[in-house]
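[1] what's the 3D shape of this:
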Amino acid sequence: MELTATARRTEDIALDLLKFVAAQANVTKPAGATAGFGVTPASKPEDQVTHLLELYQRCRQAVETPVK
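    Down below sits the predicted model:
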């Protein structure tokens, strides 16, 4: 049971990180991009979703990578 709770916690942290990065980089706003994370206004909705999912995977990797 502890493993499930830990995995869920990691996913929640990654989601919070995604929200933070998306807000800081204006990913969800169509007005333009900053820091290389933005989705261009001409992007199709499918491309925007793919971009956000890729960003979420990167957030999960960052959260799950052990600190040395």
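[2] strands along this structure, start to end?
    Read by DSSP state E, the chain holds no strands at all.
[3] longest helix anywhere in it?
    helix 2-24 (DSSP state H).
[4] report the mean confidence score over that one.
    When pLDDT is averaged along helix 2-24, the result is 82.
[5] dump it to PDB, restricted to CA.
    Extracted in PDB, the C-alpha atoms of helix 2-24 (Å, rounded to 0.1, in the frame of the first residue of the first chain):
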ATOM      1  CA  GLU A   2       2.900   2.400   0.700                       C
ATOM      2  CA  LEU A   3       4.200   2.100  -2.900                       C
ATOM      3  CA  THR A   4       0.800   3.100  -4.300                       C
ATOM      4  CA  ALA A   5       0.600   6.100  -1.900                       C
ATOM      5  CA  THR A   6       4.200   7.100  -2.900                       C
ATOM      6  CA  ALA A   7       3.500   6.700  -6.600                       C
ATOM      7  CA  ARG A   8       0.400   8.900  -6.400                       C
ATOM      8  CA  ARG A   9       2.300  11.500  -4.400                       C
ATOM      9  CA  THR A  10       5.000  11.600  -7.100                       C
ATOM     10  CA  GLU A  11       2.300  12.000  -9.800                       C
ATOM     11  CA  ASP A  12       0.700  14.900  -7.900                       C
ATOM     12  CA  ILE A  13       4.000  16.600  -7.500                       C
ATOM     13  CA  ALA A  14       4.700  16.300 -11.200                       C
ATOM     14  CA  LEU A  15       1.300  17.700 -12.000                       C
ATOM     15  CA  ASP A  16       1.900  20.600  -9.700                       C
ATOM     16  CA  LEU A  17       5.300  21.200 -11.400                       C
ATOM     17  CA  LEU A  18       3.600  21.000 -14.800                       C
ATOM     18  CA  LYS A  19       1.000  23.700 -13.700                       C
ATOM     19  CA  PHE A  20       3.800  25.900 -12.400                       C
ATOM     20  CA  VAL A  21       5.900  25.600 -15.600                       C
ATOM     21  CA  ALA A  22       3.000  26.100 -17.900                       C
ATOM     22  CA  ALA A  23       1.900  29.200 -16.000                       C
ATOM     23  CA  GLN A  24       5.400  30.700 -16.000                       C
END
